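Novice: here's a sequence, model it:
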Amino acid sequence: MAEVVTVTLNSGAKMPVIGFGLAADDIIKAKGSAPVDHIKASVLTAIQVGYRAFDTARIYLTEGVLGESLKEAFEKGLVSRQEVFVTSKLWVTDCYSQDVIPALRKSLEILHLDYLDLFLIHWPLALKKTTTFPILRPDDVVAIDIQGVWRAMESCVELGLAKAIGVSNFSCKKISDILAFAKIPPAVNQVEMHPVWQQKKLREYCESMNIHVSAWSPLGGPGNSWGSNYALENPMIKEISTKHDKSSAQVALRWGIENGVSVITKSFNPIRISHNFEVFDWKLDEEDHKKISSIKQRPPGLIRNFFVDPINGPFKTAQELWDDDI
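Specialist: As a prediction, this is how the structure comes out:
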């Protein structure tokens, strides 16, 4: 098993640079619930391969199966609690200051854990409590009281319920708003990032603020309703993969890691789980990085406009939601 490569967050915690994601949304849509046995077997396979970071969220409906998987792994001596890094997220219907701590306690109960290694605000907005996601009425999206919510996130750290806190899908400006009053700065900003959406401006800003960037969908989301094959089918990525005798997926993951970003892979296929982890015994060269940097960028459409409502919402355009980071 390969040595676990980590990055040190501004909280002092060490976070593995490759994680196992449990956003099983497409499987859930097809079957109505997460296929527990299949996902559990995948988590245990990932542990045996060498994964030590696991990323879930309330909206994924996989906190329970991850908790059961980790409990079994602990009991079998495959890994200890101290060796794994578990991330979950505050969903938008709980994005109210009074609901943050109860939401985290509920996630911990489902996960069978005493604390999270990282707790993230999933989106920079709130939904009304009565919202049935993903079916949104025109007035369901509301502005977040970011100062109140972030103060509650800080209380999660003070109470020992989370070792570190951060955000997900936040723009440079929205992070700057938090930093203006935060006692505990965000440790991580988790965003979509891959060779066809490189997030250069956001990465540079977060680096200047000592905030780690973690990439969800580091392969571009192939096979997902919101994703595409543009990253993996890009001619330059394929050319580089042939040069190194690696797959396009391995090139994309290696590119992210070499740019100082942690990557969250998502596959429940045991072969791909192992394949995605094989990115530590080789490197891209300068020419490879120049070629990837020159790839034409393709801003994702569905995800970036999902919460936009030009009439009733707090974000009337994608530019308002993303503050021109797109």
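
Novice: could you look up the SS state of Gly160?
Specialist: Following DSSP: H, G, I helix; E, B strand; the rest coil, the label given to Gly160 is coil.

Novice: any idea how many residues pack against it?
Specialist: The burial metric for Gly160, expressed as a neighbour count using other Cβ atoms under 10 Å, is 9. (C-beta placed from N, C-alpha, C; glycine too.)

Novice: report how many residues lie close to the spatially closest residue to it that is not a sequence neighbour.
Specialist: Take Gly160 and drop its neighbours on the chain: the residue closest to it by Cβ to Cβ, 6 or more residues apart in numbering is Tyr115, 6.0 Å away. The local packing of Tyr115 (other Cβ under 10 Å) involves 17 other residues.

Novice: for Tyr60, see how far away Tyr115 is.
Specialist: When Cβ to Cβ, to the nearest Å is applied, the distance between Tyr115 and Tyr60 equals 19 Å.

Novice: ditto for Ser274
Specialist: As for Ser274, its distance to Tyr60 is 22 Å (criterion: Cβ to Cβ).

Novice: looking at the two, which one has more neighbours?
Specialist: Taking other Cβ under 10 Å, Ser274 and Tyr60 do not tie; Tyr60 has more neighbours (20 against 16).

Novice: thinking that one is in contact with Leu22, fair?
Specialist: Yes - Tyr60 is within contact range of Leu22, at 5.7 Å (criterion: Cβ atoms under 8 Å).

Novice: still on that earlier bit, show me the contacts for the residue nearest to Gly160.
Specialist: 108, 160-163 (Cβ atoms under 8 Å, 6 or more residues apart in numbering).

Novice: what subset of those is buried?
Specialist: Buried by 16 or more other Cβ atoms under 10 Å: 108, 161-163, out of the contacts of Tyr115.

Novice: spatially, which two of the residues you listed are the most separated?
Specialist: The most widely separated members of these, counting by Cβ to Cβ, are Leu108 and Lys163 (12.3 Å).

Novice: and stretch 170-184, what's its mean pLDDT?
Specialist: Per-residue pLDDT values across stretch 170-184 average out to 98.

Novice: in that stretch, what counts as buried?
Specialist: The neighbour-count check on stretch 170-184 (16+ other Cβ under 10 Å) flags 170-172, 174-175, 177-178, 182, 184 as buried.

Novice: in helices only, show me these.
Specialist: Using DSSP state H, the members of the buried residues of stretch 170-184 that fall within helices are 172, 174-175, 177-178.

Novice: wait, which of those is closest to Thr265?
Specialist: The closest of those to Thr265 turns out to be Ile175 (Cβ to Cβ; 24.7 Å).

Novice: which ones are touching the closest one?
Specialist: Ile175 touches 167, 186, 189, 205-206, 209, 211, counting by Cβ under 8 Å, 6+ apart.

Novice: in CSV: those, plus distance to Pro235.
Specialist: Formatted as CSV, these follow (distance: Cβ to Cβ, whole Å):
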residue, distance to Pro235
Val167, 34
Pro186, 36
Asn189, 30
Tyr205, 30
Cys206, 30
Met209, 35
Ile211, 33
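
Novice: widest-spaced pair of these?
Specialist: Across the contacts of Ile175 (Cβ to Cβ), the longest gap, 12.8 Å, separates Val167 and Tyr205.

Novice: mind checking which of the two has more residues around it?
Specialist: Val167 (26 against 19).

Novice: confirm that one sits in a strand?
Specialist: Yes - residue state for Val167 (three-state DSSP) corresponds to a strand.

Novice: quick check: what element follows the helix or strand bottoming out on mean pLDDT in the chain along the chain?
Specialist: The helix or strand of the chain with the lowest confidence, counting by mean pLDDT, DSSP states H and E, is helix 25-31 at a mean of 48. Sequence order places helix 36-49 as the next helix or strand after helix 25-31, per DSSP states H and E.

Novice: pLDDT on that next one, on average?
Specialist: Mean pLDDT, helix 36-49: 94.

Novice: now swap in stretch 265-276 and tell me
Specialist: 95.

Novice: in that stretch, which residues are buried?
Specialist: Those would be 265-268, 273-276, for stretch 265-276 by 16+ other Cβ under 10 Å.

Novice: ends of that stretch, how far apart?
Specialist: End-to-end span of stretch 265-276 (Cα to Cα, to the nearest Å): 7 Å.

Novice: identify all contacting residues around it.
Specialist: Here stretch 265-276 makes contact (Cβ under 8 Å, 6+ apart) with 18-24, 27, 38-39, 41-42, 45-46, 49, 51, 217-219, 247, 249-250, 253.

Novice: put the buried members of those residues into a PyMOL selection.
Specialist: A single PyMOL command selects the buried members of these (16+ other Cβ under 10 Å):
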select buried, resi 18+19+20+21+22+23+24+27+39+42+45+46+49+51+217+218+219+247+249+250+253
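
Novice: excluding sequence neighbours, find me the nearest residue to Pro16.
Specialist: For Pro16, the spatially nearest residue (Cβ to Cβ, 6+ apart) is Ala53, at 4.0 Å.

Novice: okay then, goodbye and thanks.
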